[in-house]
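K.L.:
Generate coordinates for the sequence data below:
(one chain, ligands or ions: 2)
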Amino acid sequence: MAKGITIVADSNIASLNDFFNDATLGQLSGQTVKIIPVAGRDIDAKLLSEVQPDILLIRSVTQVNEALLAENHSVQFVGSATIGTDHVDQDYLAMRNITFANAAGCSKHSVAQYVLTAILTIRPNYWQQPVTLGIIGLGNIGSTLAQYANDLGWQVLGYDPLLPSSTINNASLEKVLSQSNAVSLHVPLTSEKVDSDAKGSDYPTRHLINAETLAMMPADTILINSARGPVVNENDLKNDIALTGRQVVLDVFEHEPTVADSLIAKLKIATPHIAGYTLEGKLRGTQIIYDALCEKLGIIPAQSMSNLLPLNLFLWSELKAHPDRLSKFYDMMQDNASLRSKISGENPDKQVNGPDFDGLRRDYHLRREWQS
Ligand SMILES: NC(=O)c1ccc[n+]([C@@H]2O[C@H](COP(=O)([O-])OP(=O)(O)OC[C@H]3O[C@@H](n4cnc5c(N)ncnc54)[C@H](O)[C@@H]3O)[C@@H](O)[C@H]2O)c1
Ligand SMILES: O=C(O)[C@H](O)[C@H](O)COP(=O)(O)O
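P.N.:
Ligands and ions are numbered 1, 2, ... in the order given. Predicted coordinates for the structure are as follows:
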């Protein structure tokens, strides 16, 4: 009897059992598949030492590094059903000869639609008037957002120092910040390169938005962060808002999953890291890591997300024709209210506690991604 395949997986990964089972993974070798679903923050070194799984499937809340895997000698594949990879020490995995896959691009449309919804919820007149949209980071999400902006006839000012100049990568950071009606952040979380450390960046994004860069932005320029919380220095942001009255939308937070009320109270819109949380975005994330695992195992994928998607009637073309239907496509203020309803405690420690923030994400009713 061939040894079975044991998988430890973040229980917040969409449709785990549909993608990872005897039929979808064991059809060649006759192997049985055992999935152990665990809350992402509870996947720890003790668990991996005791269970010794073959495969580890995670999302962004599990830090994958030497501390997690030092006592584990069985994992051969790590899949993160997310775009961001700042929670994974990829150099360590490579040194351990552990295959790694993330879900690049999986929720690019979902996040771009989140940003459009934020801007048009705050300023519905932007449906009809010329807008300059600043985009910092022009990869999968930033470039997708630029497509939607162009579709609305908006001008795009884009800044991405790691990509060649283009029709959207067309401005300095200063120009994007100083000449846009709204600025949206779509960069990975990276730190200063130290010596030959491959993990660092020549263009680090940690605290990219700080007192100096905020001062370059006119007071009425909207700022939206749906990238990673630490891209924005939150103390500097609070001071900027107090000074300028800036309208700011945050989906990610520097000290997530804890979020201080002293910050939330200053925000125009605050949501619990759900910009990518559509059914399509999450299923695509699972599909991509499933396909990568099949490639590792040398088998043909036997499951497709198309089998799992109900009819989707949300059409971007319809919304463009009927902007008044935006709240029926995505009522972002409901997510804003849900997060604010979780604020507890007494000043000066009023905050959203971590378990409540995580609960909002775990129980989130997945939106539908607008189809073109
Ligand atoms: N809030 C959410 O639900 C959510 C969902 C998906 C992704 N994200 C975050 O969004 C980030 C971006 O996603 P993506 O799919 O566009 O990633 P991507 O890797 O396709 O693109 C990121 C781009 O940022 C650029 N970049 C890097 N450093 C920069 C800097 N200092 N200044 C300007 N540009 C810089 C890179 O050159 C790249 O083109 C992810 O890394 C993830 O952290 C958040
Ligand atoms: O990087 C991404 O794909 C998104 O930020 C995603 O939402 C990760 O967050 P998670 O749902 O895994 O906590």
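K.L.:
and the gap between Asn210 and Asn235?
P.N.:
Applying Cβ to Cβ, to the nearest Å, one obtains 9 Å for the distance of Asn210 from Asn235. Using the backbone N, CA and C atoms, a C-beta is placed for each residue, glycine as well.
K.L.:
One more: Arg368?
P.N.:
The separation that Arg368 has from Asn235, given Cβ to Cβ, amounts to 37 Å.
K.L.:
The two: which is more packed in?
P.N.:
Of the pair Arg368 and Asn235, Arg368 is the one with more neighbours under other Cβ atoms under 10 Å, namely 19 against 14.
K.L.:
quick one: pLDDT of that one?
P.N.:
The predicted structure scores Arg368 at 98 on the pLDDT scale.
K.L.:
ok, now which ones touch it?
P.N.:
Going by Cβ atoms under 8 Å, 6 or more residues apart in numbering, Arg368 touches Thr278, Leu279, Glu280, Asn312, Phe314.
K.L.:
Quick check: Thr62 touching Ile43?
P.N.:
Yes. The pair Thr62 and Ile43 passes the contact test of Cβ atoms under 8 Å, sitting 4.7 Å apart.
K.L.:
so who does Gly26 touch?
P.N.:
With contact taken as Cβ under 8 Å, 6+ apart, Gly26 is in contact with Gly4, Ile5, Thr32, Val33.
K.L.:
which parts of the stretch 151-300 of the chain sit against ligand 1?
P.N.:
Taking Cβ under 6 Å from any ligand atom as the contact definition, the stretch 151-300 of the chain meets ligand 1 at 159-163, 186-190, 201, 203, 205, 208, 226-228, 251-252, 273, 275-276.
K.L.:
which of those are buried?
P.N.:
With burial judged by 16 or more other Cβ atoms under 10 Å, the buried subset of those is 159-160, 186-187, 189-190, 201, 205, 208, 226-228, 251-252, 273, 275-276.
K.L.:
Ligand 2 next: which of those residues are close?
P.N.:
Applying Cβ under 6 Å from any ligand atom to these, one finds that His273, Gly276 fall near ligand 2.
K.L.:
Tell me how far the closest residue to Asp89 other than its chain neighbours lies from ligand 1.
P.N.:
Nearest residue to Asp89 in three dimensions, chain neighbours excluded: Asn65, at 4.0 Å (Cβ to Cβ, 6 or more residues apart in numbering). Spatial separation of Asn65 from ligand 1 under the definition Cβ to the nearest ligand atom, to the nearest Å is 17 Å.
K.L.:
Next, count neighbours for Asn65.
P.N.:
Counted with other Cβ under 10 Å, Asn65 comes out at 16.
K.L.:
quick one: contacts for it?
P.N.:
Counting by Cβ under 8 Å, 6+ apart, Asn65 touches Val88, Asp89, Tyr92.
K.L.:
same question, Pro230
P.N.:
Under the criterion of Cβ under 8 Å, 6+ apart, the neighbours of Pro230 are Leu189, Arg206, His207, Glu254.
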